[in-house]
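Novice: sequence plus predicted model, see below.
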Amino acid sequence: MVAVAEQPNLGFDYRAEAFSDGSEYVIDLIISITNVGRQVARFPALEISRNRLFKLNARGLDNGRHGLILQPPSTNPTQTNYVFKGGVNDVIHPGKTLEVTRLTARVSAGPEAIQMVVLEYEMYCEGFNTKGKVEIGLEETIMHNWRGQ
């Protein structure tokens, strides 16, 4: 009997932080990849679709650093994703999570400004590829992740 090697299995995760300066809410999403498979994920990569609300935070995770290498923007006007790629030394071990980047939104204070946002993504590594989307309710995100200032 020949055993078939298992493949890595990547999951999209995010952690939210929210605060207000009185006139608007600031929401940070720390975007992560988790290897929920049983094999090491080699050459991990993540593409996140741009949207009108969440923008790439220039500080990255800290001091301009991202968990994977941010690729230069495409010159193709139809390619508008943020693309992060890992190199030969980038792996995600089974059961481990790699923080990749931080997206930030500024939302006017007030109930009429609270909305639902959809982030579309594609994740891949050697032997694995998946696409998906996550819906984020901003009102719930603000209320459950408040770090008042």
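Specialist: Yep, it's here.

Novice: where do the helices sit along this structure?
Specialist: In the chain, the helices defined using DSSP state H lie at 138-144.

Novice: list the contacts for Gly60?
Specialist: Applying Cβ atoms under 8 Å, 6 or more residues apart in numbering, we find Gly60 in contact with 66, 70, 101-102. Placement of C-beta: from N, CA and C, glycine included.

Novice: go with 6 Å
Specialist: Gly60 makes contact with His66 under the criterion Cβ atoms under 6 Å, 6 or more residues apart in numbering.

Novice: give me the number of residues near His93?
Specialist: By the criterion of other Cβ atoms under 10 Å, His93 has 12 neighbours.

Novice: where along the protein do the strands fall?
Specialist: Taking DSSP state E, the strands of the chain run over residues 10-20, 24-35, 41-42, 45-48, 55-56, 69-70, 82-85, 91-92, 97-108, 116-125, 128-137.

Novice: in JSON lines: those, plus mean neighbour count, distance to Asp62 and mean pLDDT.
Specialist: Converted to JSON lines, the strands of the chain look like this (neighbours: other Cβ atoms under 10 Å; distance: least, Cβ to Cβ, whole Å; pLDDT from 0 to 100):
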{"stretch": "strand 10-20", "mean neighbour count": "17", "distance to Asp62": "13", "mean pLDDT": "88"}
{"stretch": "strand 24-35", "mean neighbour count": "21", "distance to Asp62": "11", "mean pLDDT": "91"}
{"stretch": "strand 41-42", "mean neighbour count": "23", "distance to Asp62": "23", "mean pLDDT": "95"}
{"stretch": "strand 45-48", "mean neighbour count": "22", "distance to Asp62": "18", "mean pLDDT": "96"}
{"stretch": "strand 55-56", "mean neighbour count": "14", "distance to Asp62": "14", "mean pLDDT": "92"}
{"stretch": "strand 69-70", "mean neighbour count": "14", "distance to Asp62": "14", "mean pLDDT": "92"}
{"stretch": "strand 82-85", "mean neighbour count": "19", "distance to Asp62": "15", "mean pLDDT": "94"}
{"stretch": "strand 91-92", "mean neighbour count": "20", "distance to Asp62": "19", "mean pLDDT": "96"}
{"stretch": "strand 97-108", "mean neighbour count": "19", "distance to Asp62": "9", "mean pLDDT": "91"}
{"stretch": "strand 116-125", "mean neighbour count": "18", "distance to Asp62": "21", "mean pLDDT": "91"}
{"stretch": "strand 128-137", "mean neighbour count": "12", "distance to Asp62": "23", "mean pLDDT": "91"}
